[in-house]
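Student: quick one: sequence and predicted model below, then my questions.
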Amino acid sequence: MSRRVGLVAEGGGTKAAYSAGALKCFLENGIYLPYCVGISAGSEILLSYVTRQIDRMEITGIDAPCQKEVIGIRPLLKEGGLFGIEATNDFIESRAPLDFEALRNSETQMDVGLYNIKEHTVEYFDKSYVDKDMTLIKASCALLLLSRPYMFNNKKYMDAGLVDMISIEQSIRRGNEKHIVLSTKEKGYVRKPAPKYQRLLAKLVYHDDKIVDDLRRRHERYNEQWDKIAQLEKEGKALVLRPSKDIGVSRYTTDPKKLRPWFQLGYDETLARLDEIKEFIDED
C-alpha cells in the first residue's frame, strides 16, 4: 500500500454510480490506498471502499438510488426534502449492512466533509465519527435546498459541495504527495453560475446572506479546484478518473436501465487504465 497517495471522490447525486463502478474495480484488483476523502454521495461510495465490501458498492451505486422513496413527493412528505436520505440509508443497510469492524480496522483512513451552516465553513471528520446512525454520512448528503440539514456533533450541517466540491486541498493537507481524483463529470464539463431563482430561494429558505454568497461563488470555486488538479496533473502528482462520455445520466437519475450502464462504464474505464493507475501509485 502506497503511503502517500490520496483518493478524492467528487459528489454528484446518483451520478456517483460511476464512482461505485470504478471503486469496485479497485477492490477486485487489490488497489487499496491509505487515504480517501469525499463529500456528498462520494462519501457514501467511499465507505464500501474502506470496508472492502464489494457487494455493498453495487447496492449503494445502483439499487438504492432506484427506490421510489429516493427522489420526489414521497421523501418530501416523509423527510421534509426532495431527496430521501433516510430511506436511501435504510435500504442500503437492510441489504448490505456496513461492516463496522472492517471500518475500524481498515488501513485506509477516510475524511468526510460537511458545511457548517452557522460558521459557513467546511469541516472534515474522520471515519471514527461514523456510527450506527450514520449521521455523518447523511449530513454529507444533505444537499442545499433539496434536503433538510442535520444536527451532528451539536451543530447543524449540510453538504460541503456548496464550497468544496472536490476535496483536493484536504488530501494535500493530509500530507499526500499524489492524488487520484474520481470525478462524476465528463471531460469538458463546465459548472454554470447558480441561476437567480436558486439564490433567491436560498435566501428565502436559509435567511443567510453568506450562504447565498457561497452559492453565488460555487462555480468559481469549482473551477479553482479543477485548476489546482490540472496543475498537479502537469507535475505528475494527480491522476483523474472520469467518464469519457455522456450517456444521459444526471444527478437525479433513478432509472436502473441508465444507472447500471453508468456503473459499468466506471468499472470498464477503470479496468482499461489499471496499468496506468498501478504505475502512478508505485512510482517513487
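Tutor: Great, that's in hand. Just so it is clear, the structure is predicted and the values come from calculations on it, not from any experiment.
Student: for the residue positioned nearest the centre of the chain, give me its contacts.
Tutor: Residue closest to the mean C-alpha point of the chain, counted by Cα atoms, centre = their mean, is residue 42 at 1.5 Å. Residue 42 sits next to 9-12, 16, 19, 182, 184 when contact means Cβ atoms under 8 Å, 6 or more residues apart in numbering. (Glycine included, C-beta is placed from N, CA and C.)
Student: just the ones of these in helices?
Tutor: Under the assignment DSSP state H, the contacts of residue 42 contribute residue 19 to helices.
Student: which among the contacts of residue 42 gets closest to residue 129?
Tutor: Closest to residue 129 out of those is residue 9 (17.2 Å), distances taken as Cβ to Cβ.
Student: make a PyMOL selection of the buried ones in the contacts of residue 42.
Tutor: Buried subset of those, written as a PyMOL selection, criterion 16 or more other Cβ atoms under 10 Å:
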select buried, resi 9+10+11+12+16+19+182+184
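Student: just give the nearest non-adjacent residue to the residue nearest to the centre of the chain, would you?
Tutor: In this structure, residue 42 finds its nearest non-sequential neighbour in residue 9, 3.3 Å apart by Cβ to Cβ, 6 or more residues apart in numbering.
Student: my guess is that neighbour contacts residue 37. True?
Tutor: Yes - Residue 9 is within contact range of residue 37, at 7.2 Å (criterion: Cβ atoms under 8 Å).
Student: common neighbours of those two, please.
Tutor: residue 46.
Student: residue 113 is in what secondary structure piece?
Tutor: Assigned by DSSP states H and E, residue 113 belongs to strand 109-116.
Student: contact partners for the closest residue to residue 178 other than its chain neighbours?
Tutor: Spatially, and ignoring its direct neighbours in sequence, residue 178 is nearest to residue 5 (4.5 Å; Cβ to Cβ, 6+ apart). Contacts for residue 5 (Cβ under 8 Å, 6+ apart) come out as 33-35, 176-180, 280-281.
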